[in-house]
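A.B. asks: model the following, please.
(3 chains)
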Amino acid sequence: MATEIPQTPLRAASVTQFKEHVDPEEHERVITISDLNVYYGDFHAVAGVDIDIPENRITAFIGPSGCGKSTVLRCINRMNDLVPTARVEGSITYHGTEINSPKVDPVEVRRRIGMVFQKPNPFPKSIYENVAWGARINGYRGDIDEHVERTLRQAALWDEVKDKLKDSGMALSGGQQQRLCIARALATEPDVILLDEPASALDPISTLKIEELLRELQQNYTIVIVTHNMQQASRVSDRTVFFSLNERRQGVLVECGPTTKIFTNPEDRRTEAYITGRFG
Amino acid sequence: MTMRAAYTSQIQELMDVVVAMASMVDKAIARSIEALRTQNVQLAQQVRKDDQLINDRRWAAEEQAITVIATQAPMAGDLRRIAACMQLYTDLERMGDHASGTAKIVIETADEDLLKPLVDIPRMAEIAREMLGDAVTAFIEQDEDAAWKVAARDEEIDKLYEQIYRELLTYMMADPATINRATHLLWAAHNVERLGDRVTNICERTVFTITGRFEEMDGLPQRAVSQDSSANGTSG
Amino acid sequence: MSLTTNLGTAAGSVRRHTWRPRIANRNRRARVLSFVFMLAAVSAVLLLALLLGVLLLRGWDWIRLDLFTEQYSRNAEDAGLQAAILGSILLVAVSGVMAFIIGVGTALFMEEYAPKGRITDVLQTNISNLAGVPSVVYGLLGLALFVEMLNLGRVLLAGALTMGLLILPIVIIASQEAIRNVPLGLRQAAFGVGATRWQVIHHHVLPAAMPGILTGTILAISRAIGETAPLIVVGASAVVFANPDSFFDQYTAMPMQIYQWAKQPQEEFTQLAAAAIIVLMVILLTMNGLAIYLRERLGKDRW
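C.D. replies: This is a model prediction of the structure:
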């Protein structure tokens, strides 16, 4: 599809610079979603979604409210199991293994695929316990103190809380609480982290801190983030997936591609309409 | 439902400025060539003075575009359009400078007789003005085919320039006393030839706005204009 | 009416509709109603004060150490409450523990484990209805089940088990409410970290719900302490001469004793009854106070 761009010396330089963002095909696909359909009771909420999530990259799910992006996210770590009326059909593979198979224990899935929620919800326990509990119940064998410190450092929170590990997690500010929730997710040493609108309840400065943190984490973790903030998606992600509603009010995948392409020259008219704010 | 009506009209304004500047430039070209043809110093001075207006317009428009970017966070097609407008302001302003350069030549050679009655240079300028009008129309109407057609005409200007060059060279070789005047005419012709190249830039920007891809239109292997354009991308 | 108020007319052409604010009228009506509501509250308090006053008047003289050390006697001077107090305490302790364990378990089942559907609806309706069943009926149930079928006889254990059944629905409903109030976000967060359902319940849901559960249990126990009818039916004695030796001994409870004394013709016994009621009320108030204290204390630490 790309035309032959004449190779003048100057142009060659600028093309290489963008290659990183333009082609994550080189990266291994950690999660592959095929023909995903989700029903709540009789209501067909999400229809026929196919997505590849590349390793160690940040993938953003964007789209208007109610178009299924959070639903799809929650399928990845089987959180929809907790909703009695939810029914999931289709395939989601994680490193090649089918997650939805009855042979797979959702507890193990959630240990390896962590989640951070929209409203910061640290446990009503001490900061230390917030991080340590997850590791402990999953059978962490090493030195817990060291593990807690390491995890809090990864979440860019250690310096702010190292003197008050015994204080309640609820006493932190909103942005700090959310970073604590990120640390809690990191505590079980997952390789994928899912974030459902993690900064929507935070002020702009905390939001930027979270985004910077995600950029640091991306080197070692695969990250999927649902956001309704388009600027955030364009700032933070390598790959963007745009969801919308079809005529039957079902959530569908409209377009999926490198972030720079989606935001400068999307293929689908609906994507363009949403991104330029003309719709949704 | 008119979503972002204010934003849409802001972008429209930026595109209107392109049309306004193009007509200022068109007038400058016409007058500068007329001044050259009739050795009208007063007209030439008017052209030079009016060039300042073009420059001012360019800076004001750029500022306006930057404001829209800062306040509206444009994306995708809108972003390409605004970026193209900014580049067009520069291209048009440079075209105005070329016309002004020709006017300067008129003023400097005022006391010399014309080497010969000017035919080819005015014709070149005529083509350039037509190209400018068509290119700006293609940009405003987002017509990819029209942009390619306009770019193809640059070849006519290049051929005419070569012709003028050979002719003037002949004059200079035959009679060294004419070198001064011939050189001045060559500069004037060069200014007009550059106008053609600038208009080609405008066509490239137009295609970029529509397809999101930058394709060289430098007169060498051109895309066949009759090809179905839908194969190469959707409109913005 | 005109629009003019103390604030003057609205600026020029903005005003479009006419208004009739009648502010003075509305304020007056509001004041009258506040007064009426205050009267209602005051009368309730007054009645309570009246009751307390009468009690204190009647029984004050009889509140002395003997009340707690002596046992049953024909003679008012020698009569005391010890067996009754002990009986009440034991009854309430056993029934409380029983209701707590079974009640919390049921609540957990209903809220956390059972799939929502016809079955849970039926169960829920039944539990709610059971809470409203007159306590005498529980006495009959206890009589049939514990005293006769299980052949325990008219002993302390039978009474305790019966009271346990009585307060069970209250504990269940209060526990369900407390468990339901645990925010969804907490559960999701715990599951999200890869915990099993029991781990989530054990480490997060139960601790968070515990203040509510405890409050409910204590209130249920307060109710149990004051119930007389079921105890009569299930065979608490009106007259015991000594403290019960074991759970398989005959027993009495404070309400029984109060009833017994109040029945006596002598004036002194009526006053003794009043004194006993005062003791009972003190215990009740203490328990309620404890419930409030616990709720405050544990509630603050949580959220």
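
A.B. asks: what about A:G257, which SS state?
C.D. replies: Three-state call for A:G257 (DSSP: H, G, I helix; E, B strand; the rest coil): strand.

A.B. asks: quick one: low-confidence parts of the stretch 151-280 of chain A?
C.D. replies: Along the stretch 151-280 of chain A, segments meeting pLDDT under 70 span A:280.

A.B. asks: buried residues in the worst-scoring helix or strand of chain C on mean pLDDT?
C.D. replies: Ranking every helix and strand in chain C by mean pLDDT, DSSP states H and E puts helix C:66-69 at the bottom, with a mean of 76. Judged by neighbour count (16 or more other Cβ atoms under 10 Å in any protein chain shown), helix C:66-69 contains these buried residues: C:L67. Placement of C-beta: from N, CA and C, glycine included.

A.B. asks: give the rounded mean pLDDT of the next helix or strand after that helix.
C.D. replies: As assigned by DSSP states H and E, the chain's next helix or strand after helix C:66-69 is helix C:82-108. Across helix C:82-108, pLDDT averages out at 91.

A.B. asks: only the buried residues of helix C:82-108, if you could.
C.D. replies: So, applying 16+ other Cβ under 10 Å, buried residues of helix C:82-108: C:82-88, C:90-92, C:94-96, C:98-100, C:103-104, C:106-108.

A.B. asks: so A:I193 sits in a helix?
C.D. replies: No: read with three-state DSSP, A:I193 is strand and lies in no helix.

A.B. asks: that one: neighbour count?
C.D. replies: By other Cβ atoms under 10 Å in any protein chain shown, 23 other residues sit near A:I193.

A.B. asks: next one: the one 10 residues further on
C.D. replies: The number of residues packed around A:D203, counting by other Cβ under 10 Å, is 11.

A.B. asks: got the phi/psi numbers for it?
C.D. replies: phi -80, psi 170 (degrees, to the nearest 10).

A.B. asks: does it really touch A:Q176, like I thought?
C.D. replies: No: using Cβ atoms under 8 Å, A:D203 makes no contact with A:Q176, being 11.9 Å away.

A.B. asks: quick one: mean pLDDT for stretch C:126-139?
C.D. replies: Rounded mean pLDDT across stretch C:126-139 is 92.

A.B. asks: okay, how far is it across it, tip to tip?
C.D. replies: For stretch C:126-139, the separation between the terminal residues is 18 Å (Cα to Cα, to the nearest Å).

A.B. asks: which parts of it are buried?
C.D. replies: Neighbour-count burial for stretch C:126-139 [16+ other Cβ under 10 Å]: C:I127, C:L130, C:A131, C:S135, C:Y138, C:G139.

A.B. asks: identify the residues contacting the last one.
C.D. replies: Under the criterion of Cβ atoms under 8 Å, 6 or more residues apart in numbering or on different chains, the neighbours of C:G139 are C:T162, C:A229, C:P230, C:L231, C:I232, C:V233, C:V234.

A.B. asks: which one is the third one nearest to, not counting chain neighbours?
C.D. replies: The spatial neighbour of C:P230 that comes closest, neighbours along the chain excluded (Cβ to Cβ, 6 or more residues apart in numbering or on different chains), is C:G139 at 3.3 Å.

A.B. asks: the nearest residue in space to A:Q154 that is not next to it in sequence: how many residues sit nearby?
C.D. replies: Excluding its sequence neighbours, the residue lying closest to A:Q154 (Cβ to Cβ, 6+ apart) is A:L186, at 5.5 Å. By other Cβ under 10 Å, 24 other residues sit near A:L186.

A.B. asks: B:D78 and B:R198: what is the separation?
C.D. replies: 25 Å (Cβ to Cβ, to the nearest Å).

A.B. asks: go on, A:V236?
C.D. replies: Taken as Cβ to Cβ, the span from A:V236 to B:R198 is 39 Å.

A.B. asks: understood, closing this out.
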